[in-house]
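# just coords:
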């Protein structure tokens, strides 16, 4: 049974209906099947809850990064739908048939063939320009005849390197390279587009898209209005308010000094919770729809805000640190990073509250 959050706990609200809406919009844009990428604990929002909501909406394919993530997700979802592990199976893992390994090189192919592939099948990753995982052209050329016989390939896939940079030449090169490489596997469905790739239209269409960030409200079209719904609010309680006279420093290192008589709120979050230290004296909170500046350094457990211009704020009230008033992309811009890092860094101490799908 869910309990109410304590007055000193930060609350992370996750709108499952918004995630499902984003998935349905991506399905409509792609015009074919769309998976749910729920690696890194559903981009920090809770993979079990996110995946259950998407599965309830009709999503039949999920991707995680690590084998342990796949095992945990299978326990949460039951026997269906398909769960693919992008980094493949570790040595000695029991191929129980409930998870789908992505084969990223000749050693993976040999190990999976030797294990006696179960009914779940596998996915073959073809590198087309990322130069990370996946069979390179040279490795594909050295595959002996019959090396893939009996592996029950469910998809061939590749990973896009620059889809969020529309003018980059790899956005033309990679689909062409993939089409050429995938032609060696006639009749096997193909998986190409990520979140940004879906917005390239027919050039990156395939049998299965694999969006991650767009599901969670990150803008897949940088430089343009965000087409996705926002899905979270981080609400952090005020622990204390105090009067700080002009000329008084606040926080570690005394890096911020009040220029006027000020009212400073101390709130219950810090870099141990994933609120980046780079946001020191740069971040903002939202109080009653208005921004209030973060002052001084972000510490491990606490943040200080200048709330002089928010006179109605009281101890126990909650300040929005991420949400509609400042999206993960906007927080990331202040920190000099990307929205992915903001989301995946969300700490375990936040009380997660799921708004139903």
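Yep, it's here. Everything numeric here is computed off the predicted structure, so don't read it as measured data.
# and the helix or strand where residue 26 lies, what does it pack onto?
Following DSSP states H and E, one finds residue 26 within helix 16-30. Here helix 16-30 touches strand 33-34, helix 47-57, helix 195-198, strand 351-355, going by 3 or more Cβ pairs under 8 Å, 6 or more residues apart in numbering; DSSP states H and E. To be clear about C-beta, it is placed using only N, CA and C from the backbone, and glycine gets the same treatment.
# could you redo those as JSON lines and give each row mean pLDDT and distance to residue 165?
Formatted as JSON lines, those follow (pLDDT from 0 to 100; distance: least, Cβ to Cβ, whole Å):
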{"stretch": "strand 33-34", "mean pLDDT": "98", "distance to residue 165": "22"}
{"stretch": "helix 47-57", "mean pLDDT": "97", "distance to residue 165": "27"}
{"stretch": "helix 195-198", "mean pLDDT": "96", "distance to residue 165": "8"}
{"stretch": "strand 351-355", "mean pLDDT": "95", "distance to residue 165": "33"}
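# so which of these comes closest to residue 80?
Nearest of the helices and strands packed on helix 16-30 to residue 80, taken as Cβ to Cβ: helix 47-57 at 8.1 Å.
# After the closest one, which helix or strand is next?
Next element after helix 47-57 (DSSP H and E): strand 61-64.
# how distant is stretch 196-210 from the center of its chain?
With Cα atoms, centre = their mean, to the nearest Å as the basis, stretch 196-210 stands 18 Å off its chain's centre.
# How about residues contacting the strand or helix carrying residue 73?
Element membership of residue 73, judged by DSSP H and E, is helix 67-77. Helix 67-77 is contacted by residues 38-39, 41, 47-48, 51-52, 55, 62, 64, 83-85, 87-90, 93, 98-99 when judged by Cβ atoms under 8 Å, 6 or more residues apart in numbering.
# Adjacent strands (with direction) for the helix or strand following it?
Later in the chain than helix 67-77, the nearest helix or strand by DSSP H and E is strand 82-85. Pairing partners of strand 82-85, with direction, according to DSSP bridges: strand 61-64 (parallel), strand 100-103 (parallel).
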